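Enquirer: Structure, please.
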Amino acid sequence: MMSQARLVIRLMVVLTLAQAVVVADAFVPPNDGPVPFRRDRVPLEAGAMTGLSKSLGVLARGLKPKTAAERRGAAQMVALALALNPGDQETREIISQYRKGGGGLRAEAGELVKARARVWRTIGWLESPVAGEDGHALAVCLKDVVVRSDPKDRRVEALGSRGDAGEAGEAGAWEGWIPPVSAYEKKVARKQKEPKEAKEREKEPVREVAKVRLQNAAVEVPLWRLRVKVIDDGLLNHTTEGLLAETLKMRVAKSVPGADGRFGVDVGETVGSGTFRTVEDKVQKLLVSRHGKLPQDVRVKIESLKARRPTRTSGVSQSVSGAVALLADSAFSGVAPTGYVIGNVDSAGGFSLPNDFWLRVRALDEGGGGRLVVPAAAAQYFPSLLAMEKPEFFLKYQVLLAEDFDGLVKLSAKVPEEPLAAVVAAFEEIQERSKGQDAGQYIANRFVRQRLADVLSDAPNHLSARMLLLQGTSDRPTKIDREVLAVELGRCLDPLDWVMELHSGRVNSDVKVTSHKYAEEYDACREALRVLERVVATDDRDLFEMVEGMMDTVRTFERAMRSTTSGNSARVAKAVEALVEMKAYHRAVMTSLRTGKAVVPAGDGR
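Expert: Numbering: from 1, shown residues only. From the prediction side, this is the model:
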């Protein structure tokens, strides 16, 4: 039986431990820079660079850090992965998991063996004399992370330090890019027992109400709008939906007397039909998290400057939460925004892609140019514009990648802070000097390329500089992304929208559209497909051939409709048969483009 003394001692230990609160293992994400090497000067092909980035992600997933140095090693791994492939969403998810404790991260043994082998092979190449200064700088950093990943490897011993040694993982130029080891230490706070009297005397601090610092602001966004297409000199007016670049304006107003008297964000009917309640609530929660208590007698109004007819689609599908949040936040931060915004935010400050992202980018062909801020995940789609021979887009728009809402605010600031201010000014000068010149020749100029390289070095998230530098190299993409292809194929079929609607249930002979209009729309679609075909990858031919097959049914229907003008019942029956086949194919194509998987046309089209 336990003695009374020992029982007292154990009880005292338990009480002492109860006073301590251990904070979860600290993981601090890497900073944006300074990166010790320039990606465009590292002698690796684009595919090799992407593969190396993926391998570093595998090492980070398989690390299982227990010490502060190991947690810092994980940060080094993901920092390198992002420096090599800034648009990689998997790496950003690894960072997110580490910030939550890293419990869900794992890598198979086989994955780790292959990843380490790739890293070692790359180190061997980058240490060669021909790899240059930037290649050598990357090699040193790669050695640092391999030390953390597999400290027992004999090649690690050859580096002169074991993985558990004090100086391991510190040979590279990490200062400023990766926080010091102390930032990754476990933090233990002692909870001091307070006298009851002190608690009773303690008063709840008075929360200061956020002040309105900006009355008006505006940004540009693509919005869905109803548009009318006039067919055959007015014989048919077809109403369709399309994206148009418009100005969203914020103004601060006082609550209406007699109303509930609470703060609110109001997205007006000029932005779109339906309700924006979800967007308004989400943005209001985000404002509270950023600015605390909000003034009860204030309404932040968001409206479109153009009185165009709103679309039939719901407010949420307008995907304006990023722009709405940016405008509403400016009322309290006092930081006036500028430029174009494409992206959605959540109440926690995340910044993500809308489902129709690529359609919104293409809508900016008719925009006025300027700064364009998009989520970091958008980086993977923009090379398709180079494949489509549209490098001028990146001279028209200064495209910047934002990790989250904080990044969106900073990158959209009309008067940005340094060093962004210098970067923006430098690129605006590049844009200004490009006017009136052939984009390809201008980008090929070595002085221009040096300026672009300087911009990218100072701002790795400057996508326009990155794309323009890629344009002038052998790594320029020649095929487009499959998701982009699906959207572009849908755009090729846009001229047929009115045909499908006019004959939605049957062969509609009530509207006397002349037969040559069907042929004109067929020819327009065919020409668009001809231009697109050269950038279709071999693996994506299934989608393209689906659309080509549908176009054959459109041609058959167009010819059948020409023959119905005589009123011959047999010819009308042929037109009906052609319509059924065309509609069945159209449904299959739309499903294929939506899912990215080619499906076989089936069923009755009626």
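Enquirer: Please count neighbours and contacts with C-alpha atoms only from this point.
Expert: OK.
Enquirer: Buried residues of the one helix or strand residue 97 maps to, list them for me.
Expert: Assigned by DSSP states H and E, residue 97 falls within helix 89-99. Neighbour-count burial for helix 89-99 flags 89, 90, 91, 92, 94, 95, 97, 98, 99 (criterion: 16 or more other Cα atoms under 10 Å).
Enquirer: Output those as TSV; include the columns pLDDT and distance to residue 480.
Expert: Listed next are these as TSV, based on pLDDT from 0 to 100; distance: Cα to Cα, whole Å:
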residue	pLDDT	distance to residue 480
89	80	19
90	84	21
91	86	23
92	85	24
94	87	27
95	86	29
97	82	31
98	83	33
99	79	34
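Enquirer: Let's have those in a markdown table, adding distance to residue 351.
Expert: Formatted as a markdown table, the buried residues of helix 89-99 follow (distance: Cα to Cα, whole Å):
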| residue | distance to residue 351 |
| --- | --- |
| 89 | 12 |
| 90 | 15 |
| 91 | 16 |
| 92 | 12 |
| 94 | 17 |
| 95 | 15 |
| 97 | 17 |
| 98 | 19 |
| 99 | 17 |
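Enquirer: what's the least confident helix or strand in this protein, going by average pLDDT?
Expert: Using mean pLDDT, DSSP states H and E, the weakest-scoring helix or strand in the chain turns out to be strand 20-22, at a mean of 43.
Enquirer: The biggest helix by length in the chain packs against which elements?
Expert: If you go by DSSP state H, the chain has its longest helix at helix 569-595. Other elements packing on helix 569-595 under the criterion 3 or more Cα pairs under 8 Å, 6 or more residues apart in numbering; DSSP states H and E are helix 482-492, helix 541-563.
Enquirer: Which of those comes out lowest on mean pLDDT?
Expert: Note on these: helix 541-563 shows the lowest mean pLDDT, a mean of 86.
Enquirer: so how far is residue 117 from residue 110?
Expert: 11 Å (Cα to Cα, to the nearest Å).
Enquirer: Compare those two (neighbour count), which wins?
Expert: residue 117 (14 against 8; other Cα atoms under 10 Å).
Enquirer: Who are the contact partners of that one?
Expert: Contacts for residue 117 (Cα atoms under 8 Å, 6 or more residues apart in numbering) come out as none.
Enquirer: Give the helix, strand or coil label for it.
Expert: Secondary structure, DSSP: H, G, I helix; E, B strand; the rest coil: residue 117 is helix.
Enquirer: quick one: which helix or strand includes residue 252?
Expert: Going by DSSP H and E, residue 252 is in strand 236-254.
Enquirer: now for that strand, which elements pack on it?
Expert: Looks like strand 236-254 contacts strand 216-231, strand 298-304, helix 321-333, helix 357-363 (3+ Cα pairs under 8 Å, 6+ apart).
Enquirer: contacts for the last one?
Expert: Read that as helix 357-363. With Cα under 8 Å, 6+ apart, helix 357-363 has contacts from 222, 243, 244, 245, 342, 343, 381, 484, 487.
Enquirer: Could you rerun that using 10 Å?
Expert: The contact list for helix 357-363, computed with Cα atoms under 10 Å, 6 or more residues apart in numbering, reads 221-224, 242-245, 319, 342-343, 354, 367, 372, 374, 378, 381-382, 385, 393, 483-485, 487-488, 490-491.
Enquirer: and after that helix, which helix or strand comes next?
Expert: As assigned by DSSP H and E, the chain's next helix or strand after helix 357-363 is strand 370-375.
Enquirer: strand partners of that next one, parallel vs antiparallel please.
Expert: Looking at strand 370-375 with DSSP bridges, its partner strands are strand 340-341 (parallel), strand 397-402 (parallel).
Enquirer: mind putting those in JSON lines, distance to residue 571 and mean pLDDT included?
Expert: Shown next, in JSON lines, are the strands paired with strand 370-375 (distance: least, Cα to Cα, whole Å; pLDDT from 0 to 100):
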{"stretch": "strand 340-341", "distance to residue 571": "52", "mean pLDDT": "96"}
{"stretch": "strand 397-402", "distance to residue 571": "53", "mean pLDDT": "96"}
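Enquirer: Highest mean neighbour count out of the ones you listed?
Expert: Neighbour counts (mean count of other Cα atoms under 10 Å) averaged over each of these peak at strand 340-341, with a mean of 26.
Enquirer: Check the offset of that one from the chain's centre.
Expert: On the basis of Cα atoms, centre = their mean, to the nearest Å, strand 340-341 sits 12 Å off its chain's mean C-alpha point.
Enquirer: on that earlier part again, looking at the helices and strands packed on strand 236-254, which is closest to residue 581?
Expert: Set against residue 581 and scored by Cα to Cα, the helices and strands packed on strand 236-254 come closest in strand 216-231, at 23.8 Å.
Enquirer: Dump the helices and strands packed on helix 569-595 to JSON lines, plus distance to residue 41 and mean neighbour count.
Expert: Output for those, formatted as JSON lines (distance: least, Cα to Cα, whole Å; neighbours: other Cα atoms under 10 Å):
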{"stretch": "helix 482-492", "distance to residue 41": "29", "mean neighbour count": "19"}
{"stretch": "helix 541-563", "distance to residue 41": "34", "mean neighbour count": "19"}
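Enquirer: Now tabulate those helices in JSON lines and tack on distance to residue 427.
Expert: Shown next, in JSON lines, are the helices and strands packed on helix 569-595 (distance: least, Cα to Cα, whole Å):
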{"stretch": "helix 482-492", "distance to residue 427": "27"}
{"stretch": "helix 541-563", "distance to residue 427": "37"}
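Enquirer: Of all these, which one comes closest to residue 36?
Expert: For residue 36, the closest of those is helix 482-492, at 33.6 Å, according to Cα to Cα.
Enquirer: What confidence value was assigned to residue 583?
Expert: On the pLDDT scale, residue 583 gets 83.
Enquirer: Let me know how buried it is, in neighbour terms.
Expert: When neighbours are counted by other Cα under 10 Å, residue 583 registers 23.
Enquirer: what's the helix or strand residue 426 falls within in contact with?
Expert: Residue 426 is part of helix 420-434, with elements assigned from DSSP H and E. With Cα under 10 Å, 6+ apart as the test, helix 420-434 has contacts from 370-371, 392, 394-398, 400, 410-411, 413-416, 418, 441-443, 448-449, 451-452, 454-459, 462, 464-465.
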